[in-house]
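# need a structure here:
(2 chains)
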Amino acid sequence: MSSRRSRSRHSGSSRITDDQINDLVSKLQQLLPEMHSRRSDKKSATKVLQETCNYIRSLHREVDDLSERLSELLENADTTQADLIRSLIMQ
Amino acid sequence: MMSSLLSSSNLAVNPDRSSARRKKKKKINHNPQIQSENPQIEWKSDAQQQIYSSKLLHALQQVRLSSSGPRRVRDAAYGVLAATARGRTRWSRAILTSRLKLKFMKKTSMARRRRKVLTVIATAGSQQRRKSKVGVLRLKSKCLPAFQRKARVLSRLVPGCRKQPLPVVLEETTDYIAALQMQVRAMSALAELLNVSGSSSSSTAQLGSM
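Numbers count the residues shown, from 1 in each chain, chains lettered A, B, ... in the order given. Below you'll find the predicted structure:
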C-alpha cells in the first residue's frame, strides 16, 4: 500500500487519486454477491476486479440461458394479448 | 435603468446580452428541478423492473412475429435494457450504437468484409497490448501488472469502455452490474409467468398467483 502511495506522488499531473479509485472499488465490492452480507475491507482491489469480471460473465451466461428458455416458451405460448394482460396484473 | 434591466434579466431568461455564466446561474435559480434530477437509474426499484418488463414484452412480441430464436431474444433483452437506461451511461449508448450499425451494415455485402478486417485488427491490437506494459489504462498509482490486467479485461467486458480511463470503467461497471441484475430478475419473472400459464390452466393459475 505504501509503495502505491509513493508512486502516486510522482504522478502529479494525473488528477485521478488513489482514494477515488478505492472508493469506486469499494462501491463495486458492495454489489458483488459474495460480500453482500458482511462488508469487509480486506479484499484487495485486484481481487475485487477479478470477482467483478467473473460475476459479469456469470450474469451474461444467465441472460443467455434465460433467453433460451424464453424463446422456447414464446414458441409454445398461444395468445399474445394474454401475456400483456398477465404482466399488467402482476403489478 | 441598466441596473433595473440587469436585475430583471436575472429573473427572466434573457439570451441576448447575458453572458454564458449568467445564463447558467439564471437557469439554476429559475429551474432547480433540473439540477436535482437524479442522473442515475435506480435499477433495484420495482418500478424500473416493471418498465423494463413491459418494454421487453413488447419487443419479444415483435421477435415472435419475425423470426424467433434465443439470439433474437437475447439481442432484444439487451436492446431494451440499453433503452431503459435513457442514454445516461456509456455502456447503454454503446449497445444502441452497435445495434444501429448492425442494422445498417446488414444490408450491404461490405459488412462481412469489414467484420473480418475488424476482428483481425482487434485481435492483433489486443495481442500487442498484452506484450507492451504501457496499456490504455495509464494509471501510475496502480502499476501492479495484475491490477492493470484485470482492469483491462473488465473494460472489455463492459460495452463501450475499452478506451476509457479507470474511474470511468469502474463507474460504468457499477451501473452495468446493477442493470444486469435487474435484467435477470425481470427475465426470470417473465419466464416463470409464461411457464405457469403454459403448463396449467391459465385462469386458475392467475388467481392462485394473485
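# now for the longest helix anywhere in chain A, which elements pack on it?
For chain A, the longest helix by residue count, based on DSSP state H, is helix A:45-76. Using 3 or more CB pairs under 8 Å, 6 or more residues apart in numbering or on different chains; DSSP states H and E, the elements in contact with helix A:45-76 are helix A:18-31, helix B:46-66, helix B:70-84, helix B:145-157, helix B:166-199. C-betas here are computed from N, CA, C, even on glycine.
# what about that helix, average pLDDT?
Helix A:45-76 carries an average pLDDT of 91.
# buried residues, it. List them.
The neighbour-count check on helix A:45-76 (16 or more other CB atoms under 10 Å in any protein chain shown) flags A:45-46, A:48-53, A:55-56, A:59, A:62-63, A:65-74 as buried.
# any chance of the helices and strands packed on helix A:45-76 in JSON lines, plus mean pLDDT and distance to B:Arg113?
Below are the helices and strands packed on helix A:45-76 laid out as JSON lines (pLDDT from 0 to 100; distance: least, CB to CB, whole Å):
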{"stretch": "helix A:18-31", "mean pLDDT": "88", "distance to B:Arg113": "39"}
{"stretch": "helix B:46-66", "mean pLDDT": "87", "distance to B:Arg113": "26"}
{"stretch": "helix B:70-84", "mean pLDDT": "92", "distance to B:Arg113": "22"}
{"stretch": "helix B:145-157", "mean pLDDT": "91", "distance to B:Arg113": "24"}
{"stretch": "helix B:166-199", "mean pLDDT": "89", "distance to B:Arg113": "31"}
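# looking at those helices, which is closest to B:Lys106?
Closest approach to B:Lys106 among those is made by helix B:70-84 (12.4 Å; CB to CB).
# contact partners of the closest one?
The contact list for helix B:70-84, computed with CB atoms under 8 Å, 6 or more residues apart in numbering or on different chains, reads A:63-64, A:66-68, A:70-71, A:74, B:41, B:48, B:51-52, B:55-56, B:59-60, B:62-63, B:66, B:91-93, B:95-96, B:99, B:179-180, B:183, B:187.
# packing partners for whichever helix or strand comes after that helix?
Downstream of helix B:70-84, the next assigned helix or strand under DSSP states H and E is helix B:90-106. Applying 3+ CB pairs under 8 Å, 6+ apart, one finds that helix B:90-106 makes contact with helix B:70-84, helix B:110-131, helix B:166-199.
# many thanks, we can stop here.
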